[in-house]
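K.L.:
generate coordinates for the sequence data below:
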Amino acid sequence: MNKLGVNIDHVATVRQARRADEPDPVWAAAEAELGGADGITFHLREDRRHITDRDAELLKRTVATKLNMEMTLDPGIVKIALRLKPDQCTLVPEHRQELTTEGGLDVARLRRRLAPVVKRLNGAGIITSAFIEPAKEQVLASAACGFKAIELWTGGYAHAQNEPAQAAALEELVIALELGWDCGLTVHAGHGLTYRNIEPVAALGGFEEFNIGHSIVARAVFVGLRAAVREMKRLLDRALQTAAVLDRFDVEEAAQKK
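P.N.:
So this is what the prediction gives:
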């Protein structure tokens with residue numbers, strides 16, 4: 001089953017553009033859940049550019065599905081995570097000037113700094129995940145560091161300029177996905193996924209969850225958040241059904257050849 005985690009940061013971005021009290025990302029989380037979201041993702045940045053401490057507190061109290069907090073190694077943010085105890089904490093890179101998180105966390109390079117934080121979060125009963133690029137060294141380093149899950153950066157696929165580049169990016173995702181399984185990790189995926197490009201990735205099978213924000217919030221401007229979430233869920237389900245049909249065809253073809 002392809003689960004859908006809805007990132008509500010972009011709702012908060014609209015609110016913060018006017019320093020107003022609407023639209024409320026906490027209400028957006030409720031609407032997303034009513035539309036069928038399997039989880040809610042938010043990023044509490046050091047500069048609080050969109051999600052605020054107030055939002056984080058209320059999300060913890062009100063989200064009925066899985067609550068996933070994206071965060072850095074900043075000691076203040078770690079302290080908040082240990083107090084809030086969301087269901088999952090996803091460690092991500094963070095740069096002040098970026099519009100959104102670009103690229104994956106370099107777990108291989110930061111392993112010594114990451115390991116103590118991961119241990120503390122695990123000890124608090126929080127699922128730990130690393131947002132990484134689909135590279136062998138990063139998957140192996142994540143497992144060695146103690147993470148329970150990884151979220152593969154799908155930007156290489158989403159930003160591919162032609163079919164060969166897209167196919168190569170999908171192959172990278174498959175290799176990292178299978179390596180993650182071999183390491184005993186739960187594997188998620190996210191970044192740049194839209195209504196137009198989600199199905200080939202979802203049809204790969206094996207991803208526990210897809211985290212999608214901007215595309216869903218953009219569609220919600222026209223159809224409402226509940227409808228936007230339902231539509232994405234339908235695409236995820238259709239991709240799995242297509243994959244199942246193709247698998248049966250391959251098995252039948254192989255049997256006929258024998």
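
K.L.:
okay but residue 128 is in contact with residue 147, surely?
P.N.:
Yes. Counting by Cβ atoms under 8 Å, residue 128 touches residue 147, with 4.9 Å between them. Every residue, glycine included, has its C-beta placed from N, CA and C.

K.L.:
what do the two both touch?
P.N.:
Listed contacts common to residue 128 and residue 147 are 91, 118; contacts here mean Cβ atoms under 8 Å, 6 or more residues apart in numbering.

K.L.:
who's more crowded, those two?
P.N.:
Between residue 128 and residue 147, counted using other Cβ atoms under 10 Å, residue 147 has the larger neighbour count: 29 against 23.

K.L.:
confirm for me that that one is in contact with residue 127.
P.N.:
No. Judged on Cβ under 8 Å, residue 147 makes no contact with residue 127 at a distance of 9.1 Å.

K.L.:
the stretch 101-250 of the chain: strands as residue ranges?
P.N.:
127-132, 149-153, 186-190, 209-212 (DSSP state E, counting those that start in this stretch).

K.L.:
show me what contacts the closest residue in space to residue 136 that isn't next to it in sequence?
P.N.:
Nearest residue to residue 136 in three dimensions, chain neighbours excluded: residue 179, at 6.2 Å (Cβ to Cβ, 6 or more residues apart in numbering). Counting by Cβ under 8 Å, 6+ apart, residue 179 makes contact with 136, 139-140.

K.L.:
what's the closest of those to residue 17?
P.N.:
Closest to residue 17 out of the contacts of residue 179 is residue 139 (37.0 Å), distances taken as Cβ to Cβ.

K.L.:
next, count neighbours for the closest one.
P.N.:
Residue 139 has 29 neighbours, counted by other Cβ under 10 Å.

K.L.:
still on that earlier bit, can you tell me which of the contacts of residue 179 lies closest to residue 12?
P.N.:
residue 139 (30.9 Å).

K.L.:
is the closest one in contact with residue 133, as I believe?
P.N.:
No. Taking contacts as Cβ under 8 Å, residue 139 lies outside contact range of residue 133: 9.5 Å.
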